[in-house]
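> Any chance you can model this:
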Amino acid sequence: GIEKYKNTVKQLALNLYEDKIGNHQYFLDKTPRYYHIINELMEIFPKAKFLFLVRNPLAVFASILDYNFKGDYKAFLKSEDRIDDLFLAPKLIEEGIGADQNSITIKYEDLINNTEETLTKISNYLLLDSPLQMNYQLQGKFTNSLHLDTKSLDKHSKPVDSYITSWKKTINTTQKKKLALDYLRILKGNGSSYYDLEAIEKDLIDYVPNKKKIVTIPLDLLMKKEENLSIFQLIKKRVLIKLQSKIS
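Numbering: from 1, shown residues only. As a prediction, the model looks like this:
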């Protein structure tokens, strides 16, 4: 039955964590993709504490585009997993925040700008005896690990604010700005609310990229599978891509 199945899944997870903990007290298991199973996690672990760490969606858009796709927005917007990260994740996270009144939500920007206060909030929520430390040191055995953020973690020993506006380095053309604006406007239409999307959109509108593209392609034409486009949309997409490559 379903209850036996859920209990078995729970016990499997607990056994795996216990095996990894060894002589330590905690084992941290974190991945952004857990947004797919928030409801299941809450159901299987009803006494668990849930901490939702969120970030400016514009920064998320730029980070994926830069780090995972090296600025290739066409490849980025063909990835179904990444489309889920852009649109499904905010929806499910917001539902998860509303479903568990005892959870807490931490904004990345607060962690950077109000580090001590935010870490104290986390410590109190997790019932830790003292606030978490603002400084950290990456242990040698983790330096070359593929399981850590290899982009910048080993460059710092405390939170830094240089990544809060790093999206500006990635959104460096009018084409990428167009895509990011389209993305924010879809989020607004979907009703995402844990960030002030109006203010973020204004920041992006006021921002002037380094490179201008005479021809820009809208997000929906690049994001939808070609078989789901109308004949008119498909022709428009291909013409715009060709024009953009020739003009470039």
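
> and the most centrally placed residue in the chain, what does it touch?
With distances taken as CA atoms, centre = their mean, residue 60 lies nearest the centre of the chain, 4.8 Å away. Listed by CB atoms under 8 Å, 6 or more residues apart in numbering, the contact partners of residue 60 are 85, 86. Just so you know, the C-beta spots here come from the backbone N, C-alpha and C atoms, and that holds for glycine as well.

> Skip ahead from the helix or strand hosting it and say which helix or strand is next.
Element membership of residue 60 [criterion: DSSP states H and E] is helix 57-63. The helix or strand immediately downstream of helix 57-63 is helix 73-76, counting by DSSP H and E.

> Does anything pack onto the longest helix along the chain? Which helices or strands?
Longest helix in the chain by number of residues, with DSSP state H as the criterion: helix 2-21. If contacts are counted by 3 or more CB pairs under 8 Å, 6 or more residues apart in numbering; DSSP states H and E, helix 2-21 sits against helix 38-44.

> Output the contacting helices and strands for the next helix or strand after the helix it packs on.
Remark: after helix 38-44, the chain's next helix or strand is strand 51-54, criterion DSSP H and E. Counting contacts by 3+ CB pairs under 8 Å, 6+ apart, strand 51-54 is packed against helix 89-99, strand 104-107, helix 108-113.

> can I get those in a markdown table with mean neighbour count?
Converted to a markdown table, the helices and strands packed on strand 51-54 look like this (neighbours: other CB atoms under 10 Å):
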| stretch | mean neighbour count |
| --- | --- |
| helix 89-99 | 17 |
| strand 104-107 | 16 |
| helix 108-113 | 16 |
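
> Now render these as TSV, adding distance to residue 171 and mean pLDDT.
Below are the helices and strands packed on strand 51-54 laid out as TSV (distance: least, CB to CB, whole Å; pLDDT from 0 to 100):
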stretch	distance to residue 171	mean pLDDT
helix 89-99	19	93
strand 104-107	20	96
helix 108-113	17	95
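
> any chance of these in JSON lines, plus distance to residue 195?
Converted to JSON lines, the helices and strands packed on strand 51-54 look like this (distance: least, CB to CB, whole Å):
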{"stretch": "helix 89-99", "distance to residue 195": "9"}
{"stretch": "strand 104-107", "distance to residue 195": "8"}
{"stretch": "helix 108-113", "distance to residue 195": "9"}
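
> and of those, who's closest to residue 245?
Residue 245 sits nearest to helix 89-99 of all the helices and strands packed on strand 51-54, at 31.5 Å, using CB to CB.

> I am finished for the moment; much appreciated.
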